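> Got a sequence here, can you model it:
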Amino acid sequence: MTQSPWERWTWVVAGVWLVFLTYPVVETFQADLSAVARAATLATLAAFAGVYLLGFAVWRRHALPVWCALVALGLATAPAIGIEAVGLTPYLGAFSALMVPAPWWRWTTAISAVLPLVSLIGGGFPAFFFLMVWPIIGFCTAIRVFAELDVRAARTRAELALTAERERVARDVHDVLGHSLTALAIKAELASRLVDLDPARARAELDSIQETARQALAEIRATVGGLRAAGLEDELRSVPGLLADAGIDTRVRGEVADTDPRHRALLAWVLRESVTNVLRHARASHVTVELSSTGLAVTDDGTGLSGAHAEGNGLRGMRERVSAAGGTLLLAHGEPTGTRVEVRLP
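I've put the predicted structure just below:
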């Protein structure tokens with residue numbers, strides 16, 4: 001996995017702060033220590049700096065043990081430099097807030113922030129130290145909190161995108177299968193009636209069934225792959241024939257050129273689903289398709305709307321598509337009978 005620039009170079013940023021180790025180093029030289037004790041203390045401070053840098057650069061996955069090692073090394077300097085060892089706490093707090101994994105980082109950061117209070121026991125620790133150490137720890141804590149919120153937001157966005165994709169596939173599969181299976185059912189019924197009356201016509205309908213099935217399979221594959229784009233011209237060409245097979249006369253008012261090019265794919269989906277609903281439920285004799293610059297309307301003279309019929313997946317899918325495009329889907333009674341489905345787009 002490719003590391004981000006922060007992950008690659010964070011040890012450099014951390015290393016800049018090591019300049020403040022000058023103070024415990026100076027205190028080590030000024031303290032009344034034997035040569036062995038002084039060397040041991042300097043070695044401990046060098047180990048502290050090394051572990052601190054390696055924790056950022058190499059041992060990122062072992063951040064909690066690294067923090068514990070830093071605490072132990074810091075305490076090991078206390079016999080030599082006394083209360084001045086508290087000067088190492090900013091490193092503990094910064095490393096804890098930035099590197100220690102959840103949920104431990106909250107506890108280790110709190111401990112790192114409380115440790116400087118030990119300096120009050122001595123009574124001579126400079127007050128400005130607290131004005132430095134707590135803002136550093138607080139700043140690093142804020143970075144960690146915002147980073148976790150960003151990760152959580154990214155995870156939420158990914159989940160929403162996955163949900164939206166599932167809904168898209170569900171809508172598209174419903175539209176494709178609903179339309180194609182309805183067409184297949186009508187053509188099969190027509191072919192069965194024509195077998196004895198007109199064998200040649202029946203054979204043509206069977207060939208059409210095979211072609212429709214192949215087309216439906218291709219559309220399902222394209223839908224799952226997210227590649228399918230409905231064409232308004234293709235739908236307008238296929239609708240009269242499909243409705244004619246069911247004994248329904250079709251009238252088209254307007255042309256594709258009258259519609260907004262931005263919305264033609266959406267209008268194709270609406271036209272397909274509206275015609276599928278007519279074939280399934282309307283028992284109509286005539287259907288009128290109206291095209292305009294503001295959208296599309298499909299009107300039939302069938303049985304009309306019934307309060308007993310709840311809005312199904314097809315209408316719900318149409319409404320969601322139209323709303324996503326900033327439009328409105330209107331469902332009304334036809335004149336004098338039937339149903340009118342109208343889409344108005346900006």
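> show me what contacts residue 33?
Taking CB atoms under 8 Å, 6 or more residues apart in numbering as the contact definition, residue 33 lies against 41, 80. No exception for glycine: its C-beta is placed from N, CA and C like everyone else's.
> Please settle this for me: is it part of a strand?
No: per DSSP: H, G, I helix; E, B strand; the rest coil, residue 33 lies outside any strand segment and is coil.
> That one and residue 40: what is the separation?
Using CB to CB, to the nearest Å, one obtains 9 Å as the distance from residue 33 to residue 40.
> Could you do residue 155 as well?
48 Å.
> What of residue 28?
Applying CB to CB, the value for residue 28 to residue 40 is 10 Å.
> between these two, who's got more neighbours?
It is residue 28, of residue 28 and residue 40, that has more neighbours when counted by other CB atoms under 10 Å, with 21 against 17.
> How about residues contacting the one helix or strand residue 50 maps to?
Taking DSSP states H and E as the criterion, the element that holds residue 50 is helix 35-57. The contact list for helix 35-57 (CB under 8 Å, 6+ apart) reads 10-11, 14-15, 18, 21, 24-25, 28-29, 31, 33, 62-63, 66-67, 69-70, 73-74, 76-77, 80-81, 88, 91, 95, 98-99.
> what about the top helix by length along the chain, average pLDDT?
The longest helix of the chain (DSSP state H) is helix 128-197. Computed over helix 128-197, the mean pLDDT rounds to 74.
> Please compute how far the following helix or strand past it lies from its chain's middle.
Next along the chain after helix 128-197, taking DSSP H and E as the criterion, comes helix 199-224. Shown here is helix 199-224, whose average C-alpha point lies 36 Å from the average C-alpha point of the whole chain (CA atoms, centre = their mean, to the nearest Å).
> so what secondary structure elements neighbour helix 199-224?
Contacting helix 199-224 under the criterion 3 or more CB pairs under 8 Å, 6 or more residues apart in numbering; DSSP states H and E are the following elements: helix 128-197.
> Burial check on residue 234, number of neighbours?
11.
> Kindly report the domain assignment for this protein.
If you go by automatic domain parsing, the domain ranges for the chain are 5-125, 229-346.
> Quick check: which ranges of this structure have low pLDDT?
Residue ranges of the chain with pLDDT under 70: 1-16, 119-131, 162, 165, 168-180, 218-230, 306-313.
> circling back: give me the angle between the longest helix of the chain and helix 199-224.
Interaxial angle, helix 128-197 versus helix 199-224 (axes from the mean of the first three to the mean of the last three CA atoms, to 10 degrees): 180 degrees.
> Which elements pack onto helix 128-197?
The elements that helix 128-197 packs onto, with contact taken as 3+ CB pairs under 8 Å, 6+ apart, are helix 89-99, helix 104-114, helix 199-224, helix 232-245, helix 264-277, helix 313-324.
> Select, out of the ones you listed, the one closest to residue 341.
Distances from residue 341 to each of the helices and strands packed on helix 128-197 were compared using CB to CB; the shortest belongs to helix 264-277, at 4.8 Å.
> What are the contacting residues of that closest one?
Counting contacts by CB under 8 Å, 6+ apart, the residues outside helix 264-277 that touch it are 175, 178-179, 182, 229-232, 234-236, 239, 242-243, 256, 259, 287, 289, 291, 295-296, 298, 314-315, 317-318, 321-322, 325, 327, 329, 341, 343, 345.
> what sits against residue 249?
Contacts here follow CB under 8 Å, 6+ apart; on that basis residue 249 touches 243, 285-287.
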